[in-house]
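*Asks:* okay, predicted coordinates and the sequence, questions at the end:
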Amino acid sequence: MADLTTNYLGLTLRNPFVASSSPLTQRIASAVQLDEAGIGAIILPSLFEEQIIRESLKLDADLERGAGFYAEALSYFPDYGQYSIGTDSYLENVHKIKEAVSVPVLGSLNGVTPGGWVGYAKEIEDAGADALELNLYDIPTDPEMNAAELEERHIKLVRDVRQQVKIPVAVKLSPFYTALPNFTQKLVDAGADGLVLFNRFYQPDFDLDELEVVPNLVLSSSNELRLPLRWIAILHGRVQADFALTSGVHTAQDVIKAMMAGARAVTVASELLTNGVGRVPEILAEIDTWMGNNDYESIVQMQGSMSQLAVGDPNAFERANYMQVLSSY
């Protein structure tokens, strides 16, 4: 049997197949099922910056109500630090899932602006998380904000989170940066241990009957693998970080391709939501069979073997490949 062990964020995983944040990783029972099915690690759903800010503002309003009318009412208010602002249930869930499973558990923060809320990174660490995934889900809409300003805001956020925790930190990115290799290097310099490529934006849709903008969740397909596959292959060996590939992982072949590009792990949600936890042992068995048939003894042996620095034709990842694809149709 092939050795599927991989090292991601300084954590030894029994295999590179990681359950990404989804309803399956939110519930203790399904997290245990994932563990028993052979998953390599579990990423919990995100604690959102907007959620924390909204609850904080509500708390402020509740505490201040009536204070302007009765000066003595100020003495009724305990210290703000004694109040829960809605994160207790999240932190409790981190602790319970960590206690219930045998594999590493990663907490997740979703935000885009530096601020006091990053202190929750420390609370997630204290709740027992083995690592933290920082999800930079940002939609810039201001024409006055340039790329440098946006990137600096994100870099400062990573630096602030890094100062809060000792556990490893991975940053989950979108592909929409003007100079991705330079930006990823700056994130690593700011303290990121790993990079997760790429965040999958859920695009809104238009309801033509109600004339409203509505949310629309569309699960991924294997066709979406190519974008993160290409960029991990380009960045592997150039940016010293542990890469995880997300978006489009549905089959054993998808996992193998990710490893060859240079990923240490893949994170999967859509395939498990669509076809169930039973896909975990099926895909792992298929990986093992493929490795045996192709004389691979370990996952580590194949990692980065088809990165841009390793292949015979590096231009395959660059602009020249575009002309070849068009002429081949």
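*Replies:* Here it is on my side, so go on.
*Asks:* residues contacting Asp126?
*Replies:* Applying Cβ atoms under 8 Å, 6 or more residues apart in numbering to Asp126 gives the contacts Leu91. (Each C-beta comes from the backbone N, C-alpha and C, glycine too.)
*Asks:* so which bits of stretch 313-320 are buried?
*Replies:* Neighbour counts over stretch 313-320 (16 or more other Cβ atoms under 10 Å) mark Phe317 as buried.
*Asks:* and the residue sitting nearest the centre point of the chain, how far from Asp35?
*Replies:* With distances taken as Cα atoms, centre = their mean, Lys172 lies nearest the centre of the chain, 4.4 Å away. When distance is defined by Cβ to Cβ, to the nearest Å, Lys172 is 22 Å away from Asp35.
*Asks:* buried stuff in stretch 141-156?
*Replies:* Of the residues in stretch 141-156, those buried under the neighbour-count criterion (16+ other Cβ under 10 Å) are Leu150, Glu151, Arg153, His154, Ile155.
*Asks:* dump it to CSV, restricted to CA.
*Replies:* C-alpha atoms of stretch 141-156 as CSV (Å, rounded to 0.1, in the frame of the first residue of the first chain):
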residue,chain,number,x,y,z
THR,A,141,-16.2,48.2,-5.4
ASP,A,142,-14.6,51.6,-4.9
PRO,A,143,-12.9,53.0,-8.1
GLU,A,144,-10.7,55.2,-5.9
MET,A,145,-9.0,52.2,-4.2
ASN,A,146,-6.0,51.0,-6.1
ALA,A,147,-4.4,47.6,-6.1
ALA,A,148,-1.6,48.6,-3.8
GLU,A,149,-3.9,49.9,-1.2
LEU,A,150,-6.1,46.7,-1.3
GLU,A,151,-3.0,44.4,-1.1
GLU,A,152,-1.6,46.4,1.8
ARG,A,153,-4.8,46.1,3.7
HIS,A,154,-4.7,42.3,3.3
ILE,A,155,-1.1,42.1,4.2
LYS,A,156,-1.7,44.0,7.4
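*Asks:* could you give the mean pLDDT of that stretch?
*Replies:* Averaged across stretch 141-156, pLDDT comes to 90.
*Asks:* i'd like the first residue to be 694 from this point on
*Replies:* With 694 as the first residue, the last one maps to stretch 834-849.
*Asks:* all strands in this protein, in order from the N-terminus.
*Replies:* Taking DSSP state E as the criterion, the chain carries its strands at 699-701, 704-706, 710-712, 734-736, 740-741, 798-803, 824-828, 862-866, 887-890, 898-900, 905-907, 935-939, 958-961.
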